[in-house]
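Undergrad: output the structure for:
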Amino acid sequence: MEEKTWKTKDGVEVPIKDLSDNHLLNIIRMLNRASELECFRLICSAQQVLNTLHGEYARMGVEEDIDFLIFYGLDPAKLFPKYNDLVDERQRRGLIQT
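TA: Reported below is the predicted structural model:
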């Protein structure tokens, strides 16, 4: 089984199990913020598209997509493949995300 690693901003691959508690929590926070930012970007883009549409059904479809993003946001695990590994490690250690 391949060891789960995190690549630091310096390009060093560190096993997730060897990350300090603080580093692990900071990575998860960073990925959550990046997910929220991407969601905001998508909502803004969709609103711009909405302004160019004339068909009622097309507008309704985009409005539904915007509503979905506002209500549910984006799942960081779908954007960042290692997100679940990091969260699993946090839970394994019994750490609480603040």
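Undergrad: alpha carbons only for contacts and neighbour counts from here, please
TA: Fine.
Undergrad: low pLDDT regions in the chain?
TA: 1, 98 (pLDDT under 70).
Undergrad: remind me, longest helix of it?
TA: helix 21-50 (DSSP state H).
Undergrad: hmm, who's touching the helix or strand just after that helix?
TA: The first helix or strand that comes after helix 21-50 along the chain, using DSSP states H and E, is helix 56-72. Under the contact criterion Cα atoms under 8 Å, 6 or more residues apart in numbering, helix 56-72 has outside partners 39, 43, 46, 47, 50, 53.
Undergrad: just stretch 21-31 next, same as before
TA: Contacts of stretch 21-31 (Cα under 8 Å, 6+ apart): 16, 76, 80, 83, 86, 87, 90, 95, 97.
Undergrad: coming back round to it: can you say which of the contacts of helix 56-72 are buried?
TA: Buried by 16 or more other Cα atoms under 10 Å: 39, 43, 47, 50, out of those.
Undergrad: columns distance to residue 12 on top of those, output as TSV?
TA: Formatted as TSV, the buried ones among the contacts of helix 56-72 follow (distance: Cα to Cα, whole Å):
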residue	distance to residue 12
39	29
43	34
47	39
50	43
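Undergrad: which member of those residues is positioned nearest residue 11?
TA: residue 39 (26.7 Å; Cα to Cα).
Undergrad: contacts only, for that closest one.
TA: Residue 39 neighbours (Cα under 8 Å, 6+ apart): 69, 73, 74.
Undergrad: now the second one: closest residue in space that isn't a chain neighbour?
TA: For residue 73, ignoring the flanking residues on the chain, the nearest one in space by Cα to Cα, 6 or more residues apart in numbering is residue 39 at 6.0 Å.
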